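Participant: Below: sequence and its predicted model.
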Amino acid sequence: MNTLFIIGIFLSFFLQFLLLSKKNQSVPDRILAVWMFIFGIHLFSFYIYSLGYWDRYPHLVGVTHPLPLLHGPMLYLYIVYSLKPDQKFTWRFFAHFIPFVLSYLYMIRFFFFYSAEQKVMVNHGEVNDFSIFMGVSLIAFCISGIIYPLLSYRMLGQHRRLINENYAYEEFINLNWLKYCIWGIGVIYLVAALSSILREGLGLEVGINLDMVIYSFVIGFIFLLGYFGIRQQGIFTDVVEVDKIAETAGEYRRSGLKEEDAGFHHSKLLGLMNNKKPYLEPKLTLNMLAGELDISLNHLSQVINQHEDKNFYDFVNGYRVEEFKKRVSDRANSNYSILAIAFDSGFNSKSSFNSVFKRISGETPSDYIRKSTQ
């Protein structure tokens, strides 16, 4: 296990260096670099603790105790700035670090007024001066490990809905990586919470070193976090301005669009889709389609949601699926591959084509073709 910890510690600091030396460095890169440094310090602290250095150097006891309160806020900030890289850093973000600061303030008495012998006794549970604080800290760690992944996941879901209201393609939007990041930190906190409940709450011994299990998860998470984090080039590579993003469906009540006007725009929209086939443009956006119809983004999004009962993404890709079905049944296209016909129908990747087609048609493209030719 010592080798595993050494690898994890080295990896944390090495990935921090790579992130800080990355070309076209972004705010999420800097946040991830700081997070990697925190992971490195956290791992190093537990490593020297497992080697018995806290007994030899008692003044190290408790120095890194509040660090688990940082991982949730760092996850949240990483998600926030990955989704909105141009957002300014405001003072309200510092509020997420208040529990961490308060923990250190409370421990000032321990750091500066306890002797080395007293610190060793506290570390071994022979003195209960900080028993309440330790219990509160444990609860705070668990709450942080639950709240921040949930907040991050909720924000990711809201962003996904906003994307589907404005874009008909998704290859430039790497949200799956952020989802895995949230799951990863959530699993680590879950394992840590279960371990604490078994040991501290129920007094059970499971026959294995649960701390080693937890930190093994942490090391694996660090590897994935650093690897994928370094590869990210930002969530968007081709986006419209922030003020040209349509509202979500829940905000339409303020749009002022009359029902008769909505019906007119809907008829105009269907005529455009059937005659000019703008969906054949692989990177079609709501902004582009609104320009064709000479209508605001919010009104067009409202028309699609209310009259088609779909978001923009599903609306456009529904036409692409039907276009594919028409083209694949045309004998003139018999020499073309499935993927080539899909690209001609407006799709711009194999993965999105397969997932969209199956979700809309209820079967894979291959199954559809096989049934249609029988």
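Facilitator: That came in fine, so what should we check first? Residues are numbered from 1 along each chain as shown.
Participant: any idea which residue of the chain is furthest from its center?
Facilitator: Using Cα atoms, centre = their mean, the residue of the chain lying farthest from its centre is residue 117. It sits 45.1 Å away.
Participant: Can you name the element that comes right after the strand or helix carrying that one?
Facilitator: Using DSSP states H and E, residue 117 sits in helix 116-123. Scanning forward in sequence from helix 116-123 by DSSP H and E, the next helix or strand is helix 131-166.
Participant: For the helix or strand that comes right after that next one, list every residue counted as buried.
Facilitator: Counting by DSSP H and E, the next helix or strand C-terminal to helix 131-166 is helix 176-196. Buried residues in helix 176-196, counting neighbours by 16 or more other Cβ atoms under 10 Å, are found at 178-179, 181-182, 184-186, 188-189, 191-193, 195-196. (C-beta placed from N, C-alpha, C; glycine too.)
Participant: model confidence over helix 176-196, on average?
Facilitator: Regarding helix 176-196, the rounded mean pLDDT is 81.
Participant: got the angle for the helix or strand that that helix is followed by vs helix 176-196?
Facilitator: Using DSSP H and E, the helix or strand that follows helix 176-196 in sequence is helix 210-231. Angle of helix 210-231 versus helix 176-196, following axes from the mean of the first three to the mean of the last three Cα atoms, to 10 degrees, is 170 degrees.
Participant: Check the offset of helix 210-231 from the chain's centre.
Facilitator: Relative to its parent chain, helix 210-231 has a centroid offset of 16 Å by Cα atoms, centre = their mean, to the nearest Å.
Participant: List the buried residues for that helix?
Facilitator: 210, 214-219, 221-222, 225-226, 228-229.
Participant: From those, pick the one nearest residue 340.
Facilitator: residue 228 (30.9 Å; Cβ to Cβ).
Participant: Do I have it right that the closest one meets residue 177?
Facilitator: Yes - assessed by Cβ atoms under 8 Å, residue 228 is found in contact with residue 177 at 5.1 Å.
Participant: the bottom helix or strand of the protein by mean pLDDT?
Facilitator: Using mean pLDDT, DSSP states H and E, the weakest-scoring helix or strand in the chain turns out to be helix 210-231, at a mean of 76.
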